[in-house]
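Student: Got a predicted structure here, sequence first:
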Amino acid sequence: MEPIDILKKYYHFAVIGVSQNTDKYGYKIFKRLRDRSYDVYGVSPIYDQVDNIPLYSSLEDINGPIDVVVFVVNKKYAYDYIDEMTSLGIHYAWMQPHTYDDELLKYMKSVGITPILACILVETSL
């Protein structure tokens, strides 16, 4: 599935790596998706809120539906989140540039996760 198809078909996103720093991609992606009227949950083990919006410490803490998980974290932290996705039945992981390597992609595919390899800020800039 192409990135644009994901954006047209799905509306419930979780962004892993949300930051309070407005210069960081975790903040920019979270804000962009919200500004485009997607239902967005932020995940951060560091912050409990951003722009007065509560954040979650894990995917399992989110009570609402999640269709796509957007990764804005170092690949070494991704495996735990991939395992959470598997247990929650989430099948799409939007991987930002520099958040993955071949080993991680192979692992994702082996557990039934489809990686979307594109910059979400570019794909939502239209």
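Tutor: In hand now; what should we look at? Numbering: from 1, shown residues only.
Student: What is the burial count for residue 65?
Tutor: Residue 65 has 13 neighbours, counted by other Cβ atoms under 10 Å. Placement of C-beta: from N, CA and C, glycine included.
Student: from now on call the first residue 32
Tutor: Will do, 32 is the new start, and the previous item becomes residue 96.
Student: Residue 43 is in contact with that one, correct?
Tutor: Yes: look at residue 96 against residue 43 with Cβ atoms under 8 Å: they come within range, at 4.6 Å.
Student: hey, what's in contact with both of those two?
Tutor: Residues touching both residue 96 and residue 43 (Cβ atoms under 8 Å, 6 or more residues apart in numbering): residue 70.
Student: Which of the three states applies to residue 116?
Tutor: Going by DSSP: H, G, I helix; E, B strand; the rest coil, the secondary structure assigned to residue 116 is helix.
Student: dump the residue contacts of the closest residue to residue 56 other than its chain neighbours.
Tutor: In space, residue 56 comes closest to residue 103 once its chain neighbours are excluded; the distance is 5.3 Å by Cβ to Cβ, 6 or more residues apart in numbering. Counting by Cβ under 8 Å, 6+ apart, residue 103 makes contact with 46-49, 56-57, 60, 127, 130.
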